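Q: no letters, just coordinates:
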């Protein structure tokens, strides 16, 4: 996903549970999968703990309806299309509707989709085709479709409900109308449209809900209403209980209540207050006394029927903000990954690691006294001792303290004046309140007692911001004017003030202010923020400027011109940046304090309401107008180096992060096509450039090659990334890059492989005792003892033969071998395939015993040089036209060379020809340390050490690319250790010279930098000492 920012990239969104679309249930082996829509994507929850199992990629439009299909497929609506998903990836799109699709119904492999213009289309999901013959068109004025269901046991039939209160059964195979139910005429109490259908566990019986609150249980076969009842509000969904304990039916309404109706007694059993807004879906789990509900309040809940009275109680839930959050703040020390956020109606603890930890702070008995939240302040220092958060409310004279460790409210503070701002002290013991009348009050959080108050008529306007000095020496306030006041921390005595109108920013501003005295008086301070570590606080005013002051000297240190009304600012964790957002144009600016310049800016899709930076600087947290989630953005400068460019003239729009940040399949497929089309051209150009560059001179790096390498290092890395299917670090000029896709332990283990093998070598086991005879003879005496009898072990024959000094063995039981004197027969030679000298047990006689087989193995493993030379001469005479490759007791035929060489050997040879060793590097990265060591040791000395030359050329090539530097260094170390004794040969003079030059040039550059830095340090240190 491409970002419009150089510094911040979309990470993920938290706190978004459900967008209110009716969920879908599917029974698994031991649990249920719950499909929930979250805006432009959907997620799967496990019914056991409501833990998210999967989150889909984002689509263009919001999901209005969805459905399961088979095992791992899903269907969602997307504007005028229907998307078929396989897992979290889009697989196919059904296109054909002329309006937005609002409802889906799956019947076996047939999909029914209903559009907003009353267009009903049938699709074959398996073949991905639309049916040629469709149901007749329904007139939207007289027969507007509201619900579709397949009645149980009615094959090839569907039941369609209309706004008029009618219902019709259609045969989807013959496309004919079967029957029409006039439910409004048959039931006098029903006067409105059908809103929901639900099939009961009994065939022919179906429940129908209406918008006026009526619910009827209707027999389709007899066209007769069995039972009817009414609830308050429109019926949004119906569900039957099927566990066999009680005959209950549950209905949901727009008020958030769920009515449980007892069918046996025909009266209401219980009314459950499930949600704070409309309850869009209620459904019983099959054969379980559990119901699952969801609503427009960003929550999903499960209720269980148990106890003596059988009333449902809350079993588990996942909730989020009911309305969009308008402020957020990181809570806790550096180890805490949590955020405290407020909306108009709630204050919540949100974990950015695990969504199961998200909780709403309980209001207890103060819920009715609370007006919408207007602000809050937190301090983690006194957590688990007393309250750590304080909230203020719109047009309210009361403030409330919250204990974040117990997730609940604690006490109410009576301020006696409408509160405009609040701030907790650095120590966490006191809280300060500013009122709309300009008063400032100090309270003790633990006791709730007022400790101090400023004298009247000093602060003449409403206090908009409060800053507490980090050492509790003084506090700073600002109002709806241009004055910043300092107050004593203990007794709130007035100390001094700053007028931002008289602050010198630059000559041009002074000239403008002098010429516009009326405008000067209109400057108002809207917000202040302190960075405790640096002692700098920012002042935001309505003249489109952000001013930075030193808290001790009270002098202006920086100022920034920002076009637009700044509604939120935040310091970075190290105090180097200020991130500011403007409300009108939804633009976020990153301002660098040391340079006094804007280094980055980008535009948000929605206006930003608050900004917050994590204590370690990993994430930026934003909340947006009209958005329920809390969005997290990763700070790239924290995780790596960011090389900034000049910001564009117009800010680029950045995409809001989804639940899981991934590249969509459409973008990925297009990128793959682009890469595959340009890959051949790049390889051709690279091959031509590499052919022009040949290390034939004594110079290590020609000037032409330097320029080419600068242009092609990124391309080479891209090709390697395509081969490895892994992301690589972008090459920067001629700087080296380490191997990001190779574990550090791999190349470290490769350097110490001998030590590791020695350490892991198993301890030699004791030899097994000699086999005893069946009858044991004893020695007579006072203490009888067993006599020691020498037992010949057949397994020791091999050792005896190998140490006998000759090729033949005069051992009992091996007369056949003595006759042949250890030489292979002509029949055995004819049976050889690729190996000469190997025994062929297929030609042995069936009467050969175990000793004969051991003797054959002895002849193959003879170490005597004279006998080996005789065998070698005989084999070479047999294969006169073949070329010897290895000098050993086994000879390889040249036609079998390709079969014995490894893929790495072949890739080295191919890379030497094409001067592209990307395949060789890929093979080495895929091997284990032992496998890499084996490949290096199996490099042969045949053909004038061709494989060794290829290996050194590969190492020089990779060192020139400056990529995977640590990994290549370990490869070089092992190669020199294994084949270093061969380098004394004159044929390796050119290879050694190339290797030396490749090492010298980077070191000369480093040495030059070291010398210049040392000289500079010595110059400054001598100057300071003098």
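A: Good, I have the coordinates. Being a predicted model, the structure only gives us computed values, none of them experimental. Numbers count the residues shown, from 1 in each chain.

Q: which of the three states applies to residue 999?
A: helix (DSSP: H, G, I helix; E, B strand; the rest coil).

Q: could you check how far it is from residue 134?
A: 75 Å (Cβ to Cβ, to the nearest Å). (C-beta placed from N, C-alpha, C; glycine too.)

Q: what do you get for residue 748?
A: Residue 748 is 67 Å from residue 134, by Cβ to Cβ.

Q: now swap in residue 229 and tell me
A: 37 Å.

Q: which of these two has more residues huddled nearby?
A: For residue 229 versus residue 134, neighbours defined as other Cβ atoms under 10 Å are more numerous around residue 229 (18 against 13).

Q: so what's that one bridging to?
A: Note on residue 229: beta-bridge partners by DSSP bridges are residue 215.

Q: list the helices and strands the helix or strand that contains residue 910 packs on?
A: Secondary structure assigned from DSSP states H and E places residue 910 in helix 903-914. Helices and strands touching helix 903-914, by 3 or more Cβ pairs under 8 Å, 6 or more residues apart in numbering; DSSP states H and E, are helix 918-926, helix 942-961.

Q: so for stretch 410-426, mean pLDDT?
A: Per-residue pLDDT over stretch 410-426 has a mean of 94.

Q: where does pLDDT dip in the stretch 901-1026 of the chain?
A: 1022-1026 (pLDDT under 70).

Q: likewise for the stretch 301-450 of the chain?
A: 307-308, 334-335.

Q: would you state the strands of it in chain order?
A: 312-319, 327-331, 338-342, 347-351, 359-360, 373-378, 389-393, 398-403, 408-414, 419-424, 430-435, 440-444, 450-453 (DSSP state E, counting those that start in this stretch).

Q: rebuild these as CSV, extending it with distance to residue 179 and mean neighbour count.
A: Shown next, in CSV, are those (distance: least, Cβ to Cβ, whole Å; neighbours: other Cβ atoms under 10 Å):
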stretch, distance to residue 179, mean neighbour count
strand 312-319, 37, 16
strand 327-331, 57, 21
strand 338-342, 54, 23
strand 347-351, 52, 21
strand 359-360, 50, 16
strand 373-378, 56, 20
strand 389-393, 58, 24
strand 398-403, 60, 22
strand 408-414, 58, 17
strand 419-424, 66, 24
strand 430-435, 70, 24
strand 440-444, 73, 20
strand 450-453, 76, 15
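
Q: and residue 207, that's in a helix?
A: No. Residue 207: not assigned to a helix; according to three-state DSSP it is strand.

Q: that one and residue 198 touch, don't they?
A: Yes. In this structure residue 207 lies within contact range of residue 198 using Cβ atoms under 8 Å: 4.4 Å.

Q: which neighbours do those two have in common?
A: Common contacts of residue 207 and residue 198 (Cβ atoms under 8 Å, 6 or more residues apart in numbering): 238, 240.

Q: any regions of the stretch 1-150 of the chain where pLDDT drops low?
A: 1-3.

Q: now do the contacts for the residue nearest to residue 172 when sequence neighbours are not counted.
A: Distance criterion Cβ to Cβ, 6 or more residues apart in numbering; nearest residue to residue 172, sequence neighbours excluded, is residue 156 at 5.5 Å. Shown in contact with residue 156 (Cβ under 8 Å, 6+ apart): 171, 172, 173, 174.

Q: repeat that for 6 Å
A: 171, 172, 173 (Cβ atoms under 6 Å, 6 or more residues apart in numbering).

Q: and the first one, how far from residue 626?
A: To residue 626, residue 171 is 46 Å away according to Cβ to Cβ.

Q: higher neighbour count, these two?
A: For the pair residue 171 and residue 626, the greater number of neighbours falls to residue 171 (15 against 9), based on other Cβ under 10 Å.

Q: for that one, give its distance to residue 6.
A: Relative to residue 6, and taking Cβ to Cβ, residue 171 is found at 62 Å.

Q: one more: residue 490?
A: Distance from residue 490 to residue 6, by Cβ to Cβ: 46 Å.

Q: and the two? which has more neighbours close in?
A: Comparing residue 490 with residue 6 by other Cβ under 10 Å, the one with more neighbours is residue 6, at 20 against 13.

Q: please name the residues that touch that one.
A: Contacts of residue 6 by Cβ under 6 Å, 6+ apart are 600, 644.

Q: and it, what element?
A: Applying DSSP H and E, one finds residue 6 in no helix or strand.

Q: ok so, going back, tell me the buried residues in the helix holding residue 910?
A: Residues of helix 903-914 classed as buried: 904, 905, 907, 908, 911, 912 (neighbour count, 16 or more other Cβ atoms under 10 Å).

Q: number of nearby residues for the nearest residue in space to the fourth one that is not next to it in sequence?
A: Right, the one you point to is residue 908. Distance criterion Cβ to Cβ, 6+ apart; nearest residue to residue 908, sequence neighbours excluded, is residue 950 at 4.0 Å. Per other Cβ under 10 Å, the neighbour tally for residue 950 reads 21.
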